[in-house]
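Asker: sequence unknown, structure follows:
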């Protein structure tokens, strides 16, 4: 589907000023505004005192949240909407944990102009495994929240009939492995991730109730052996972190880990040859520019060439109900 054109100045200005809505929501989440109004209404001065914030500034923030439809206001008393109570109160079952990651991403996107000039990030502080436990926990929580529906849909389009052992490379919380097991109860899964991520992975495994079917391996997928004996190797949302040379090596190592007849699955933004569609992938390429040293989004032709170089055949693209793309290749 062709990306929509901007046809008038008003439409352009709407896009330019969209950052304001984002900043209002992220600030409210960061400060814990919705938790202060959970289950009861209060004045802006009460909220300000609880937050240790300026009264007038807090009042203006709450008014803006009313304008966005995330708070209600009646006679000077502010309340969460039903939506806000469900999705924006930290600790609630449906809390959108990805907002904290979006808040961190905001800071890197503010360096886009400099990154375009330099050709790489100027904001990345350290590799993921070396970042603070708080950052790692919020990152994995965000990835887990985003993976919910995506993982279930991916499992539905994959051929899992003969799969008995799977390797989830860079699997984080294990959401994709869990979804595959729930579709095929015969599967045993191994989640491969960095040393400081695997303890978080184990917590999600315990919560999933699938401890008997999921184990973990610690390592760096670019430098450590992935093992052998797998019917399916999954690489979800990791190729965009790497350079082309790193991905060629990664996919080759993944293919070597497969049993004969096994499948290697890459789930990521798969771009057209012009790199303009899908639009979300074109935007995400910039996210990788500001946040990684070598990351990018890659075309179907690039992914296909790396799979063919690794000896995989029958390569095809599968699309889930929500439009997410998977490229699948088989080992002879």
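Answerer: Received, thanks. Here the structure is a predicted model, which means the values were calculated and not measured. Numbering: from 1, shown residues only.
Asker: contacts and neighbour counts: CA atoms only from here.
Answerer: Noted.
Asker: pLDDT below threshold where in the stretch 51-200 of the chain?
Answerer: Filtered on pLDDT under 70, the stretch 51-200 of the chain yields the residue ranges 125.
Asker: which residues in this structure form helices?
Answerer: In the chain, the helices defined using DSSP state H lie at 9-16, 18-31, 33-36, 44-51, 55-67, 82-87, 98-109, 112-118, 133-157, 175-183, 198-208, 244-256, 279-291, 300-309.
Asker: of the ones you listed, which is nearest residue 189?
Answerer: helix 175-183 (6.3 Å; C-alpha to C-alpha).
Asker: buried residues, that closest one. List them.
Answerer: Going by neighbour count (16 or more other C-alpha atoms under 10 Å), the buried part of helix 175-183 is 175-181.
Asker: now it against helix 198-208, angle please.
Answerer: 30 degrees (axes from the mean of the first three to the mean of the last three C-alpha atoms, to 10 degrees).
Asker: contact partners of helix 175-183?
Answerer: With contact meaning C-alpha atoms under 8 Å, 6 or more residues apart in numbering, helix 175-183 is reached by 144, 147-148, 151-152, 154-156, 160, 166, 168, 171, 187-189, 191, 208, 210.
Asker: what do you get for stretch 5-23?
Answerer: By C-alpha under 8 Å, 6+ apart, the surrounding residues in contact with stretch 5-23 are residue 68.
Asker: buried ones in that stretch, by neighbour count?
Answerer: Result for stretch 5-23 [16+ other C-alpha under 10 Å]: no buried residues.
Asker: same thing with stretch 123-131?
Answerer: With the criterion 16+ other C-alpha under 10 Å, stretch 123-131 contains buried residues residue 123.
Asker: between the two ends of stretch 216-226, how far is it?
Answerer: End-to-end distance of stretch 216-226 (C-alpha to C-alpha, to the nearest Å): 12 Å.
Asker: coming back round to it: take the helices of the chain and write them to a markdown table, including distance to residue 225.
Answerer: Formatted as a markdown table, the helices of the chain follow (distance: least, C-alpha to C-alpha, whole Å):
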| stretch | distance to residue 225 |
| --- | --- |
| helix 9-16 | 45 |
| helix 18-31 | 40 |
| helix 33-36 | 45 |
| helix 44-51 | 49 |
| helix 55-67 | 50 |
| helix 82-87 | 40 |
| helix 98-109 | 30 |
| helix 112-118 | 33 |
| helix 133-157 | 23 |
| helix 175-183 | 20 |
| helix 198-208 | 16 |
| helix 244-256 | 8 |
| helix 279-291 | 26 |
| helix 300-309 | 18 |
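Asker: ok, which of the ones you listed comes nearest residue 328?
Answerer: Using C-alpha to C-alpha, the nearest of the helices of the chain to residue 328 is helix 300-309, at 8.9 Å.
Asker: run the chain-centre distance for the closest one.
Answerer: 23 Å (C-alpha atoms, centre = their mean, to the nearest Å).
Asker: so what touches it?
Answerer: Counting by C-alpha under 8 Å, 6+ apart, 247-248, 251-252, 270-273, 313, 315, 327, 329 sit against helix 300-309.
Asker: let me know the outermost residue of this structure.
Answerer: residue 75 (40.3 Å; C-alpha atoms, centre = their mean).
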